[in-house]
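> Return a 3D structure for these sequence lines:
(one chain, ligands or ions: 1)
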Amino acid sequence: MKNDLSTALQDTFLDFPLLTTALRQCAARPEDTQVYASPAAFEAFIRGGGNVPLYECVSVELASHYAPDVHSLLDIGCGDGHALFPALAAAAHPHALERLTLVEPASALMASAVARAQAEQPTLPLQALNEGLGAFAAKLGPDARWDLAQATFALQAIPEPERWAGLARLRAHVKRLVIVEFDIPDLQRGTDAYVASLAQRYERALGEYEGATRELVAQGFLIPMFLGQLDAQTAATNWEHPAPVWREKLEAPGWRVTRLAHISDYFWAPAFMLVAEA
Ligand SMILES: C[S@@+](CC[C@H](N)C(=O)[O-])C[C@H]1O[C@@H](n2cnc3c(N)ncnc32)[C@H](O)[C@@H]1O
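Numbers count the residues shown, from 1 in each chain. Modelled structure (predicted):
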(Lines give C-alpha, C1' and ligand atoms only; values in the text may rest on other atoms or scores of the structure.)
Protein backbone atom coordinates (compact mmCIF):
# COMPACT_ATOMS: atom_id res chain seq x y z
CA MET A 1 0.00 0.00 0.00
CA LYS A 2 2.79 2.39 1.05
CA ASN A 3 4.70 1.54 -2.15
CA ASP A 4 1.58 2.17 -4.24
CA LEU A 5 1.24 5.57 -2.67
CA SER A 6 4.86 6.59 -3.21
CA THR A 7 4.72 5.35 -6.82
CA ALA A 8 1.57 7.39 -7.35
CA LEU A 9 3.25 10.46 -5.83
CA GLN A 10 6.31 9.95 -8.01
CA ASP A 11 4.09 9.72 -11.09
CA THR A 12 2.33 12.88 -10.03
CA PHE A 13 5.69 14.59 -9.57
CA LEU A 14 6.72 13.61 -13.10
CA ASP A 15 3.48 14.91 -14.59
CA PHE A 16 3.17 18.06 -12.48
CA PRO A 17 6.64 18.98 -11.15
CA LEU A 18 5.91 22.67 -10.52
CA LEU A 19 2.59 22.01 -8.80
CA THR A 20 4.08 19.24 -6.65
CA THR A 21 6.98 21.51 -5.60
CA ALA A 22 4.60 24.36 -4.74
CA LEU A 23 2.33 22.02 -2.73
CA ARG A 24 5.37 20.67 -0.86
CA GLN A 25 6.52 24.21 0.00
CA CYS A 26 3.01 25.01 1.13
CA ALA A 27 2.87 21.86 3.31
CA ALA A 28 6.28 22.70 4.82
CA ARG A 29 5.09 26.04 6.22
CA PRO A 30 5.10 26.37 10.01
CA GLU A 31 1.78 25.18 11.44
CA ASP A 32 0.51 28.60 12.42
CA THR A 33 1.05 30.19 8.98
CA GLN A 34 -2.13 30.06 6.99
CA VAL A 35 -2.29 29.73 3.24
CA TYR A 36 -3.78 33.03 2.24
CA ALA A 37 -4.18 35.07 -0.91
CA SER A 38 -1.97 38.16 -0.68
CA PRO A 39 -2.50 41.38 -2.68
CA ALA A 40 1.19 41.41 -3.71
CA ALA A 41 0.88 37.88 -5.08
CA PHE A 42 -2.32 38.72 -6.95
CA GLU A 43 -0.67 41.84 -8.42
CA ALA A 44 2.33 39.76 -9.58
CA PHE A 45 -0.06 37.15 -11.01
CA ILE A 46 -2.32 39.55 -12.90
CA ARG A 47 0.53 41.71 -14.26
CA GLY A 48 2.55 38.70 -15.50
CA GLY A 49 2.38 35.28 -17.18
CA GLY A 50 -0.50 34.59 -19.53
CA ASN A 51 -2.50 37.51 -18.11
CA VAL A 52 -0.49 39.96 -20.22
CA PRO A 53 -1.44 38.57 -23.66
CA LEU A 54 -4.95 37.77 -22.36
CA TYR A 55 -5.72 41.35 -21.34
CA GLU A 56 -4.02 42.79 -24.46
CA CYS A 57 -6.29 40.64 -26.59
CA VAL A 58 -9.43 41.46 -24.57
CA SER A 59 -8.78 45.19 -24.81
CA VAL A 60 -8.18 45.06 -28.58
CA GLU A 61 -11.41 43.04 -29.05
CA LEU A 62 -13.38 45.48 -26.88
CA ALA A 63 -11.98 48.47 -28.77
CA SER A 64 -13.25 46.99 -32.05
CA HIS A 65 -16.79 47.50 -30.68
CA TYR A 66 -16.30 51.22 -29.93
CA ALA A 67 -17.71 52.20 -33.32
CA PRO A 68 -18.61 55.76 -34.45
CA ASP A 69 -22.25 55.12 -33.46
CA VAL A 70 -21.36 54.07 -29.89
CA HIS A 71 -21.89 57.19 -27.79
CA SER A 72 -22.60 55.61 -24.40
CA LEU A 73 -20.77 52.73 -22.74
CA LEU A 74 -21.64 50.75 -19.62
CA ASP A 75 -19.02 48.52 -17.94
CA ILE A 76 -20.50 45.99 -15.51
CA GLY A 77 -18.03 44.85 -12.83
CA CYS A 78 -15.25 47.02 -14.27
CA GLY A 79 -12.83 46.25 -11.42
CA ASP A 80 -9.96 48.73 -11.59
CA GLY A 81 -10.49 49.09 -15.34
CA HIS A 82 -7.65 46.77 -16.34
CA ALA A 83 -9.54 45.75 -19.53
CA LEU A 84 -11.53 48.96 -20.06
CA PHE A 85 -8.91 51.72 -20.11
CA PRO A 86 -6.46 50.11 -22.56
CA ALA A 87 -9.51 49.43 -24.77
CA LEU A 88 -10.55 53.09 -24.63
CA ALA A 89 -6.97 54.10 -25.43
CA ALA A 90 -6.98 51.76 -28.44
CA ALA A 91 -10.35 52.94 -29.80
CA ALA A 92 -10.27 53.99 -33.46
CA HIS A 93 -12.96 56.64 -32.83
CA PRO A 94 -12.06 58.01 -29.39
CA HIS A 95 -14.27 61.09 -29.72
CA ALA A 96 -17.48 59.19 -30.51
CA LEU A 97 -17.97 58.27 -26.85
CA GLU A 98 -19.98 60.85 -24.92
CA ARG A 99 -20.51 59.12 -21.57
CA LEU A 100 -19.15 56.21 -19.56
CA THR A 101 -20.99 54.40 -16.74
CA LEU A 102 -19.13 52.13 -14.34
CA VAL A 103 -20.92 49.59 -12.13
CA GLU A 104 -18.64 48.04 -9.51
CA PRO A 105 -19.58 46.92 -5.97
CA ALA A 106 -16.02 46.75 -4.58
CA SER A 107 -15.25 50.26 -3.30
CA ALA A 108 -11.45 50.04 -3.53
CA LEU A 109 -11.58 48.80 -7.13
CA MET A 110 -14.10 51.50 -8.06
CA ALA A 111 -11.84 54.17 -6.52
CA SER A 112 -8.94 52.93 -8.68
CA ALA A 113 -11.12 52.89 -11.79
CA VAL A 114 -12.37 56.44 -11.14
CA ALA A 115 -8.81 57.69 -10.56
CA ARG A 116 -7.74 56.07 -13.82
CA ALA A 117 -10.72 57.58 -15.69
CA GLN A 118 -9.81 61.04 -14.38
CA ALA A 119 -6.19 60.58 -15.43
CA GLU A 120 -6.71 58.93 -18.82
CA GLN A 121 -10.14 60.14 -19.95
CA PRO A 122 -10.46 63.55 -18.24
CA THR A 123 -12.99 64.94 -20.72
CA LEU A 124 -15.29 61.90 -20.82
CA PRO A 125 -18.37 62.40 -18.58
CA LEU A 126 -18.34 59.62 -15.97
CA GLN A 127 -21.04 58.03 -13.83
CA ALA A 128 -19.54 55.74 -11.18
CA LEU A 129 -22.05 53.49 -9.40
CA ASN A 130 -20.64 51.63 -6.42
CA GLU A 131 -23.14 48.76 -6.49
CA GLY A 132 -23.73 45.32 -8.00
CA LEU A 133 -25.58 44.46 -11.21
CA GLY A 134 -28.76 43.44 -9.35
CA ALA A 135 -29.19 46.74 -7.47
CA PHE A 136 -28.26 48.71 -10.59
CA ALA A 137 -30.67 46.88 -12.92
CA ALA A 138 -33.55 46.94 -10.41
CA LYS A 139 -33.79 50.74 -10.42
CA LEU A 140 -33.28 51.52 -14.10
CA GLY A 141 -35.79 54.13 -15.25
CA PRO A 142 -37.51 53.94 -18.66
CA ASP A 143 -35.13 56.52 -20.16
CA ALA A 144 -31.90 54.81 -19.12
CA ARG A 145 -30.09 53.85 -22.35
CA TRP A 146 -26.64 52.72 -23.47
CA ASP A 147 -25.39 51.90 -26.95
CA LEU A 148 -23.05 49.25 -25.59
CA ALA A 149 -22.67 47.27 -22.35
CA GLN A 150 -19.56 45.20 -21.64
CA ALA A 151 -18.54 42.81 -18.88
CA THR A 152 -15.12 41.15 -18.77
CA PHE A 153 -14.63 38.24 -16.35
CA ALA A 154 -17.19 39.93 -14.08
CA LEU A 155 -20.41 38.00 -14.71
CA GLN A 156 -18.78 34.83 -13.33
CA ALA A 157 -18.47 36.64 -9.98
CA ILE A 158 -22.22 37.40 -9.78
CA PRO A 159 -24.55 34.80 -8.21
CA GLU A 160 -26.70 33.28 -10.95
CA PRO A 161 -30.16 34.55 -9.95
CA GLU A 162 -28.85 38.15 -9.73
CA ARG A 163 -26.83 37.77 -12.93
CA TRP A 164 -29.52 36.34 -15.22
CA ALA A 165 -32.30 38.59 -13.89
CA GLY A 166 -30.02 41.62 -14.23
CA LEU A 167 -29.03 40.78 -17.81
CA ALA A 168 -32.65 40.08 -18.77
CA ARG A 169 -33.67 43.49 -17.38
CA LEU A 170 -30.79 45.23 -19.11
CA ARG A 171 -32.09 44.20 -22.56
CA ALA A 172 -34.63 47.05 -22.61
CA HIS A 173 -31.85 49.59 -21.94
CA VAL A 174 -28.86 48.46 -23.99
CA LYS A 175 -28.49 47.97 -27.77
CA ARG A 176 -25.57 45.54 -27.69
CA LEU A 177 -23.94 43.41 -25.01
CA VAL A 178 -20.34 42.18 -25.20
CA ILE A 179 -19.10 39.71 -22.61
CA VAL A 180 -15.77 37.98 -22.14
CA GLU A 181 -15.55 34.85 -19.98
CA PHE A 182 -13.69 31.53 -19.92
CA ASP A 183 -14.98 28.52 -21.84
CA ILE A 184 -14.38 26.07 -18.98
CA PRO A 185 -14.42 22.30 -19.56
CA ASP A 186 -17.69 20.60 -18.71
CA LEU A 187 -16.45 18.52 -15.75
CA GLN A 188 -18.19 17.41 -12.57
CA ARG A 189 -16.57 18.85 -9.43
CA GLY A 190 -14.74 16.29 -7.33
CA THR A 191 -14.31 13.68 -10.08
CA ASP A 192 -10.85 12.33 -10.97
CA ALA A 193 -11.13 14.01 -14.38
CA TYR A 194 -11.85 17.34 -12.67
CA VAL A 195 -8.86 17.04 -10.31
CA ALA A 196 -6.54 15.96 -13.16
CA SER A 197 -7.74 18.88 -15.28
CA LEU A 198 -7.14 21.31 -12.38
CA ALA A 199 -3.63 19.92 -11.83
CA GLN A 200 -2.79 20.32 -15.54
CA ARG A 201 -4.11 23.88 -15.60
CA TYR A 202 -2.26 25.01 -12.45
CA GLU A 203 0.94 23.32 -13.66
CA ARG A 204 0.73 25.43 -16.80
CA ALA A 205 0.02 28.61 -14.80
CA LEU A 206 3.03 28.06 -12.52
CA GLY A 207 5.23 27.57 -15.59
CA GLU A 208 4.33 31.07 -16.79
CA TYR A 209 6.32 32.66 -13.90
CA GLU A 210 9.96 32.28 -12.89
CA GLY A 211 12.17 32.36 -9.81
CA ALA A 212 11.04 34.45 -6.85
CA THR A 213 7.95 35.67 -8.73
CA ARG A 214 6.84 32.06 -9.25
CA GLU A 215 7.19 31.38 -5.53
CA LEU A 216 5.27 34.53 -4.58
CA VAL A 217 2.49 33.84 -7.11
CA ALA A 218 2.36 30.15 -6.11
CA GLN A 219 2.19 30.56 -2.33
CA GLY A 220 0.15 33.77 -2.24
CA PHE A 221 -2.32 33.15 -5.04
CA LEU A 222 -2.26 30.01 -7.20
CA ILE A 223 -1.96 27.39 -4.43
CA PRO A 224 -4.73 29.01 -2.30
CA MET A 225 -6.85 29.10 -5.48
CA PHE A 226 -6.04 25.48 -6.31
CA LEU A 227 -6.89 24.29 -2.78
CA GLY A 228 -10.04 26.42 -2.85
CA GLN A 229 -11.13 24.70 -6.06
CA LEU A 230 -10.89 21.37 -4.24
CA ASP A 231 -12.85 22.61 -1.22
CA ALA A 232 -16.61 22.72 -1.76
CA GLN A 233 -17.03 25.28 1.03
CA THR A 234 -14.83 27.95 -0.50
CA ALA A 235 -15.86 27.24 -4.09
CA ALA A 236 -19.09 29.21 -3.97
CA THR A 237 -17.78 32.63 -5.00
CA ASN A 238 -17.50 32.03 -8.71
CA TRP A 239 -20.04 30.59 -11.10
CA GLU A 240 -18.59 29.70 -14.49
CA HIS A 241 -19.98 27.69 -17.41
CA PRO A 242 -18.92 26.27 -20.77
CA ALA A 243 -19.54 28.87 -23.52
CA PRO A 244 -22.72 27.21 -24.96
CA VAL A 245 -24.41 27.59 -21.54
CA TRP A 246 -23.83 31.37 -21.63
CA ARG A 247 -25.42 31.49 -25.08
CA GLU A 248 -28.50 29.49 -23.97
CA LYS A 249 -28.99 31.52 -20.81
CA LEU A 250 -28.82 34.81 -22.72
CA GLU A 251 -31.05 33.66 -25.56
CA ALA A 252 -33.77 32.54 -23.12
CA PRO A 253 -34.83 36.13 -22.23
CA GLY A 254 -34.47 37.28 -25.87
CA TRP A 255 -30.85 38.39 -26.40
CA ARG A 256 -29.82 37.54 -30.00
CA VAL A 257 -26.30 36.12 -29.92
CA THR A 258 -24.45 37.15 -33.11
CA ARG A 259 -20.92 36.05 -32.22
CA LEU A 260 -19.43 33.47 -29.90
CA ALA A 261 -15.72 32.87 -30.46
CA HIS A 262 -12.54 31.99 -28.61
CA ILE A 263 -10.30 35.04 -28.57
CA SER A 264 -7.32 33.99 -26.43
CA ASP A 265 -5.71 30.88 -25.04
CA TYR A 266 -5.24 30.95 -21.24
CA PHE A 267 -4.14 28.53 -18.52
CA TRP A 268 -7.59 28.28 -16.95
CA ALA A 269 -9.54 27.83 -20.20
CA PRO A 270 -9.76 29.67 -23.52
CA ALA A 271 -11.33 33.11 -23.18
CA PHE A 272 -14.37 33.66 -25.40
CA MET A 273 -16.19 36.77 -26.53
CA LEU A 274 -19.95 36.73 -26.87
CA VAL A 275 -21.76 39.53 -28.68
CA ALA A 276 -25.55 39.84 -28.34
CA GLU A 277 -28.08 42.29 -29.73
CA ALA A 278 -31.08 43.33 -27.63
C1 LIG B 1 -12.32 39.11 -12.11
S2 LIG B 1 -12.87 40.73 -11.76
C3 LIG B 1 -12.92 41.45 -13.37
C4 LIG B 1 -12.72 42.94 -13.34
C5 LIG B 1 -12.59 43.63 -14.70
N6 LIG B 1 -13.82 43.58 -15.46
C7 LIG B 1 -11.44 43.07 -15.50
O8 LIG B 1 -11.65 42.54 -16.59
O9 LIG B 1 -10.29 43.19 -15.04
C10 LIG B 1 -14.59 40.48 -11.30
C11 LIG B 1 -15.28 41.79 -10.95
O12 LIG B 1 -16.67 41.55 -10.74
C13 LIG B 1 -17.07 42.38 -9.69
N14 LIG B 1 -18.36 41.94 -9.11
C15 LIG B 1 -18.57 41.07 -8.09
N16 LIG B 1 -19.87 40.95 -7.81
C17 LIG B 1 -20.53 41.78 -8.67
C18 LIG B 1 -21.90 42.13 -8.87
N19 LIG B 1 -22.87 41.60 -8.13
N20 LIG B 1 -22.20 43.02 -9.84
C21 LIG B 1 -21.23 43.57 -10.63
N22 LIG B 1 -19.92 43.27 -10.47
C23 LIG B 1 -19.57 42.40 -9.52
C24 LIG B 1 -15.92 42.29 -8.71
O25 LIG B 1 -15.95 43.28 -7.70
C26 LIG B 1 -14.73 42.40 -9.66
O27 LIG B 1 -14.38 43.74 -9.90
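> Could you pull out the helices in the protein for me?
Along the chain, counting by DSSP state H, helices occupy 2-15, 17-27, 39-46, 51-63, 84-90, 107-120, 133-138, 160-170, 192-206, 211-217, 223-230, 243-251.
> I'd like the ones you listed as a markdown table, with distance to the ligand appended.
Using the backbone N, CA and C atoms, a C-beta is placed for each residue, glycine as well. Shown next, in a markdown table, are the helices of the chain (distance: least, CB to the nearest ligand atom, whole Å):
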| stretch | distance to the ligand |
| --- | --- |
| helix 2-15 | 29 |
| helix 17-27 | 22 |
| helix 39-46 | 8 |
| helix 51-63 | 7 |
| helix 84-90 | 7 |
| helix 107-120 | 5 |
| helix 133-138 | 4 |
| helix 160-170 | 6 |
| helix 192-206 | 15 |
| helix 211-217 | 16 |
| helix 223-230 | 12 |
| helix 243-251 | 16 |
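> Let me have those helices in a markdown table, adding mean neighbour count and mean pLDDT as columns.
Converted to a markdown table, the helices of the chain look like this (neighbours: other CB atoms under 10 Å; pLDDT from 0 to 100):
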| stretch | mean neighbour count | mean pLDDT |
| --- | --- | --- |
| helix 2-15 | 10 | 64 |
| helix 17-27 | 16 | 90 |
| helix 39-46 | 16 | 89 |
| helix 51-63 | 18 | 97 |
| helix 84-90 | 19 | 97 |
| helix 107-120 | 15 | 95 |
| helix 133-138 | 18 | 98 |
| helix 160-170 | 17 | 97 |
| helix 192-206 | 17 | 93 |
| helix 211-217 | 16 | 95 |
| helix 223-230 | 18 | 86 |
| helix 243-251 | 16 | 98 |
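> can you put those in a markdown table and add distance to Cys78?
Below are the helices of the chain laid out as a markdown table (distance: least, CB to CB, whole Å):
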| stretch | distance to Cys78 |
| --- | --- |
| helix 2-15 | 38 |
| helix 17-27 | 31 |
| helix 39-46 | 15 |
| helix 51-63 | 11 |
| helix 84-90 | 5 |
| helix 107-120 | 5 |
| helix 133-138 | 11 |
| helix 160-170 | 15 |
| helix 192-206 | 24 |
| helix 211-217 | 24 |
| helix 223-230 | 22 |
| helix 243-251 | 19 |
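> which residue packs closest to Ala96, ignoring adjacent ones?
Pro68 (4.9 Å; CB to CB, 6 or more residues apart in numbering).
> Could you report the neighbour count for the one you found?
As a burial measure, Pro68 scores 9 neighbours (other CB atoms under 10 Å).
> Just the pLDDT for it.
For Pro68, the pLDDT comes out at 96.
> Start at 742, not 1
All right, first residue 742 from here; so that's Pro809.
> Was I right to think it contacts Leu838?
No: look at Pro809 against Leu838 with CB atoms under 8 Å: they stay out of range, at 10.0 Å.
> got the contact list for Gln868?
When contacts are counted by CB atoms under 8 Å, 6 or more residues apart in numbering, Gln868 touches 840-843.
> mind running it again at 10 Å?
813, 815, 840-844 (CB atoms under 10 Å, 6 or more residues apart in numbering).
> Ok, Asn979 next?
Asn979 touches 894, 897-900, 966, 969-970, counting by CB under 10 Å, 6+ apart.
> Lovely, talk soon.
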